[in-house]
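S.K.: sequence plus predicted model, see below.
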Amino acid sequence: MNAVTSSLKTDTAKLRHLYSRAGFGATPDQLADAQSLKRAVRNLLSDSETVSELKVVEPDENVTKKNLKDLMQRGQLDRQMLRERIRDNAERVRDLNLQWLDRMASGKGSLREKMALFWHGHFACRTMGQNPLFMQQYINTIRQHALGRFGDLLMAVSKEPAMLQFLNNQQNRKNAPNENFAREVMELFTLGRGNYTERDIKEAARAFTGWQFTPDGQFVFREKVHDEADKTVFGKTGPFRGEDIVQMLLENRQTARFVTGKIYRFFVNETPDEARVSELADHFYKTNYDIAGLMERIFTADWFYDARNIGTHIKSPVELLAGMRHTLGITFDQPQPQIFVQRTLGQLLFYPPNVAGWPGGKNWIDSSSLLFRMQLPNYVLKAADVNIRPKEDGDVNTQSLARKGGQTFRTTVNWTDFEKPFAQTPDAALPDALAAVLLPFPLRPEQKTLVQNQLKSAQTHAARIHALTTAIMSLPEYQLA
């Protein structure tokens with residue numbers, strides 16, 4: 001191998017690492033067309049400058065739980081109609097899930113969608129009462145601000161009706177404060193546990209009184225239920241409102257440190273380099289929480305491509321599914337199997353398990369989910385029937401999205417585009433060439449033997465590409481990014 005060939009292989013491996021972390025993987029053409037790492041980072045950022053909204057429901061179409069109760073009390077809705085309305089709401093949330101997954105898989109604005117997936121876990125929120133409008137507004141707010149200023153994102157998502165409802169701030173009133181919202185804003189969104197006192201929580205909860213929302217999904221500040229008296233938070237005293245608390249949190253350098261640490265663990269390595277995190281956090285704070293600037297700083301750093309950071313990230317179920325679809329141009333003939341995959345592997349968009357979001361990392365893997373993960377390429381690429389059932393999670397909302405019996409995977413794969421870059425690749429070199437696109441590590445000799453055993457019935461060059469691709473994607477290393 002000459003120096004030029006070695007350099008090309010190194011650059012391809014680094015580009016693959018970049019696209020797998022900053023997006024949902026790469027197609028062979030993306031890797032071949034990238035001129036340099038810095039140019040690829042700039043392209044990822046420029047491609048994510050604009051955002052188009054997800055939409056499954058118009059505000060005047062939305063049917064809330066309160067609307068349904070009112071209709072029942074007036075005798076205009078019977079129980080059968082009620083069940084149908086609730087099911088319709090659940091299906092619209094499902095459609096929102098699939099629409100967002102389509103955006104992730106499309107490759108357009110992939111950095112924005114990847115950041116939004118991260119923020120969905122950071123600002124964990126789930127649909128309450130199956131309200132599709134609230135969830136639509138919530139995720140569009142996150143997607144809109146995903147690469148902007150963290151302060152704008154924090155303020156906007158904190159005022160989303162879905163979040164205020166999820167964290168019970170509608171019940172937070174003077175003389176009867178509810179501390180749930182104030183606690184999670186500090187513990188999960190900004191400072192992290194142990195960086196505030198119980199007194200800070202109690203006083204901040206009083207400041208957030210009056211932060212409410214209307215049935216049609218509008219934030220509203222209701223002065224009549226707001227506590228106007230002085231509060232003492234972080235050693236400061238005044239007649240604070242919610243906006244004042246948010247500003248105090250942003251002024252605290254610990255917020256930059258906490259958020260940067262979570263970003264590092266998600267995008268770089270679950271075992272953080274504390275010195276690097278501190279340096280990044282200082283820069284994040286000094287730039288007024290510029291998210292795009294922070295991500296560019298990470299993705300253009302030499303250390304981001306160190307061997308210790310390669311292949312250390314276990315793909316979440318959504319990353320796995322979106323990545324397969326993007327790399328191979330896969331479309332599903334019916335939507336339900338994609339919901340089935342998310343439920344079976346434990347990450348259903350808009351249904352995080354709790355206020356802390358999905359734990360991630362090794363928590364994605366257990367004996368049953370690993371087997372299904374490794375079989376997934378066969379199910380998807382070979383249009384197989386699946387008889388596995390998702391584990392019961394005790395959640396009536398997610399169970400309402402399930403169907404009895406097995407799942408039938410019917411897909412269309414854009415093999416034509418995927419095959420083109422390998423059209424002139426000799427058969428003997430195909431395993432390594434495909435692995436360079438699909439895996440974070442080169443094939444080991446025993447792996448090469450294993451995947452080549454799948455070629456016995458492959459008579460054409462295209463058939464060999466198909467068989468090898470399926471076999472390589474079924475290796476444990478495909479679960480890593």
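M.R.: Structure's in. What do you need? A quick note: this is a predicted structure, and the numbers were derived from the prediction, not measured.
S.K.: residue 179 contacts residue 199, correct?
M.R.: No - counting by Cβ atoms under 8 Å, residue 179 sits too far from residue 199 to count as a contact (11.2 Å). In short, each C-beta sits where N, CA and C put it, glycine included.
S.K.: more crowded one of those two?
M.R.: residue 179 (18 against 12; other Cβ atoms under 10 Å).
S.K.: contact partners for the more buried one?
M.R.: Counting by Cβ atoms under 8 Å, 6 or more residues apart in numbering, residue 179 makes contact with 201-202, 205.
S.K.: so the spatially closest residue to residue 292 that is not a sequence neighbour, which state does it fall into?
M.R.: For residue 292, ignoring the flanking residues on the chain, the nearest one in space by Cβ to Cβ, 6 or more residues apart in numbering is residue 147 at 4.3 Å. Recorded secondary structure, residue 147: coil (DSSP: H, G, I helix; E, B strand; the rest coil).
S.K.: report how many residues lie close to residue 147.
M.R.: Residue 147: 24 neighbours (other Cβ under 10 Å).
S.K.: separation between it and residue 114?
M.R.: The spacing between residue 147 and residue 114, counted by Cβ to Cβ, to the nearest Å, is 10 Å.
S.K.: cool, and residue 39?
M.R.: 19 Å.
S.K.: dump the residue contacts of residue 226.
M.R.: Contacts of residue 226 by Cβ under 8 Å, 6+ apart are 174, 209-210, 241.
S.K.: with residue 356 instead?
M.R.: Contacts of residue 356 by Cβ under 8 Å, 6+ apart are 124, 188.
S.K.: element containing it, please.
M.R.: Using DSSP states H and E, residue 356 falls within no helix or strand.
S.K.: what's around residue 190, how many residues?
M.R.: 23.
S.K.: please apply the same query to residue 335.
M.R.: Residues near residue 335, counting by other Cβ under 10 Å: 16.
S.K.: what do you get for residue 211?
M.R.: Using other Cβ under 10 Å: residue 211 sits among 23 other residues.
S.K.: isn't it right next to residue 163, touching?
M.R.: No - contact criterion Cβ under 8 Å: residue 211 and residue 163 do not qualify, at 10.0 Å.
S.K.: still on that earlier bit, what's the residue nearest to residue 292 sitting at in phi/psi?
M.R.: phi -120, psi 20 (degrees, to the nearest 10).
S.K.: output the contacts of residue 226 in a markdown table; the columns should cover pLDDT, neighbour count and secondary structure.
M.R.: Converted to a markdown table, these look like this (pLDDT from 0 to 100; neighbours: other Cβ atoms under 10 Å; DSSP: H, G, I helix; E, B strand; the rest coil):
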| residue | pLDDT | neighbour count | secondary structure |
| --- | --- | --- | --- |
| 174 | 95 | 14 | coil |
| 209 | 98 | 26 | coil |
| 210 | 97 | 21 | coil |
| 241 | 98 | 20 | coil |
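S.K.: adding secondary structure and distance to residue 376, write the contacts of residue 179 out as a markdown table.
M.R.: Converted to a markdown table, the contacts of residue 179 look like this (DSSP: H, G, I helix; E, B strand; the rest coil; distance: Cβ to Cβ, whole Å):
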| residue | secondary structure | distance to residue 376 |
| --- | --- | --- |
| 201 | helix | 43 |
| 202 | helix | 48 |
| 205 | helix | 44 |
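S.K.: lowest-confidence helix or strand of this structure?
M.R.: helix 396-399 (a mean of 54; mean pLDDT, DSSP states H and E).
S.K.: next structured bit after it?
M.R.: Per DSSP H and E, the first helix or strand lying C-terminal to helix 396-399 is strand 407-408.
S.K.: quick one: residues in contact with that next one.
M.R.: Counting by Cβ under 8 Å, 6+ apart, 334, 336-337, 340, 383, 385-386 sit against strand 407-408.
S.K.: so how far is it from its chain's centroid?
M.R.: Centroid separation for strand 407-408 versus its chain: 25 Å, with Cα atoms, centre = their mean, to the nearest Å.
S.K.: for stretch 236-246, same thing?
M.R.: 32 Å.
S.K.: for it, output the C-alpha coordinates as CSV.
M.R.: Taking C-alpha atoms only, stretch 236-246 is exported to CSV below (Å, rounded to 0.1, in the frame of the first residue of the first chain):
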residue,chain,number,x,y,z
LYS,A,236,-30.3,37.1,44.9
THR,A,237,-33.6,38.6,46.1
GLY,A,238,-36.3,40.3,44.0
PRO,A,239,-39.8,39.9,42.6
PHE,A,240,-38.5,37.5,40.1
ARG,A,241,-40.5,35.9,37.2
GLY,A,242,-39.7,32.8,35.2
GLU,A,243,-37.6,34.7,32.7
ASP,A,244,-35.4,36.0,35.4
ILE,A,245,-34.7,32.5,36.7
VAL,A,246,-33.8,31.4,33.2
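S.K.: in it, what counts as buried?
M.R.: Buried residues in stretch 236-246, counted by 16 or more other Cβ atoms under 10 Å: 240-242, 244-246.
S.K.: check stretch 360-369 too.
M.R.: 364, 369.
S.K.: how long is that stretch end to end?
M.R.: 13 Å (Cα to Cα, to the nearest Å).
S.K.: how far off centre is that stretch?
M.R.: Distance, centroid of stretch 360-369 to centroid of chain: 17 Å (Cα atoms, centre = their mean).
S.K.: what is the mean pLDDT for that stretch?
M.R.: Average pLDDT, stretch 360-369: 89.
S.K.: ok, residues contacting that stretch?
M.R.: Contacts for stretch 360-369 (Cβ under 8 Å, 6+ apart): 121, 266, 270, 314-317, 344-347, 373, 391, 479.
S.K.: ok, these vs residue 457, which is closest?
M.R.: residue 373 (25.2 Å; Cβ to Cβ).
S.K.: hmm, residue 316 and the closest one touching each other?
M.R.: No - using Cβ under 8 Å as the test, residue 373 is too far from residue 316 to be in contact (10.9 Å).
S.K.: got a list of what residue 270 touches?
M.R.: 312-313, 360-361.
S.K.: domains of this structure?
M.R.: 252-309, 415-479 (automatic domain parsing).
S.K.: CSV for those, including mean pLDDT and distance to residue 222?
M.R.: Below are the domains of the chain laid out as CSV (pLDDT from 0 to 100; distance: least, Cβ to Cβ, whole Å):
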stretch, mean pLDDT, distance to residue 222
domain 252-309, 98, 27
domain 415-479, 94, 48
